[in-house]
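K.L.:
sequence plus predicted model, see below.
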Amino acid sequence: IEALCYIRGRSIPDRFFVLDEAQQLTPLEAKTIVTRMSRGSKLVLVGDPAQIDNPYVDSRSNGLVYTRQRMRGQPFAAHVPLSKGERSPLADR
């Protein structure tokens, strides 16, 4: 775990990243992270655009949606929508 300000200027090879709550990122923050990935690295962004509490982004202008739109159609990227919650029936309401 590292602050985003320390990732700039680096290339990160041979790592598997899971970035949870990606809907909280700005498009620029998401771009900064994605462009640091280097040979052999994999990046998984996880998030729900309906659960944003960052006042600087919304359900259409956040890092998760931005990355999905930019990577659409690329042979090295995939989007897997999940429709069922895994917490509890109460959390699904």
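P.N.:
Perfect, I can see it now.

K.L.:
which stretches of this protein form helices?
P.N.:
27-34, 63-71 (DSSP state H).

K.L.:
now render the ones you listed as CSV, adding mean neighbour count, distance to residue 77 and mean pLDDT.
P.N.:
Just so you know, the C-beta spots here come from the backbone N, C-alpha and C atoms, and that holds for glycine as well. Formatted as CSV, the helices of the chain follow (neighbours: other Cβ atoms under 10 Å; distance: least, Cβ to Cβ, whole Å; pLDDT from 0 to 100):
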stretch, mean neighbour count, distance to residue 77, mean pLDDT
helix 27-34, 17, 10, 95
helix 63-71, 19, 4, 97
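
K.L.:
now distance to residue 90 too, for those helices, in JSON lines please.
P.N.:
Shown next, in JSON lines, are those (distance: least, Cβ to Cβ, whole Å):
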{"stretch": "helix 27-34", "distance to residue 90": "31"}
{"stretch": "helix 63-71", "distance to residue 90": "24"}
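
K.L.:
so which of those is nearest residue 12?
P.N.:
Closest to residue 12 of those, according to Cβ to Cβ: helix 27-34, at 9.3 Å.

K.L.:
only C-alpha atoms, please: export that closest one in CSV.
P.N.:
Backbone C-alpha positions of helix 27-34 (Å, rounded to 0.1, in the frame of the first residue of the first chain) are rendered in CSV as follows:
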residue,chain,number,x,y,z
PRO,A,27,-9.9,10.1,-14.1
LEU,A,28,-6.4,11.6,-13.7
GLU,A,29,-5.7,9.5,-10.7
ALA,A,30,-6.8,6.4,-12.6
LYS,A,31,-4.7,7.3,-15.6
THR,A,32,-1.7,7.8,-13.3
ILE,A,33,-2.1,4.3,-11.9
VAL,A,34,-2.8,2.5,-15.2
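
K.L.:
so what does that helix touch, helix or strand wise?
P.N.:
Where contact means 3 or more Cβ pairs under 8 Å, 6 or more residues apart in numbering; DSSP states H and E, helix 27-34 is packed against strand 42-45, helix 63-71.

K.L.:
may I see the buried residues of the shortest one?
P.N.:
Within strand 42-45, the residues scored as buried using 16 or more other Cβ atoms under 10 Å are 43, 45.
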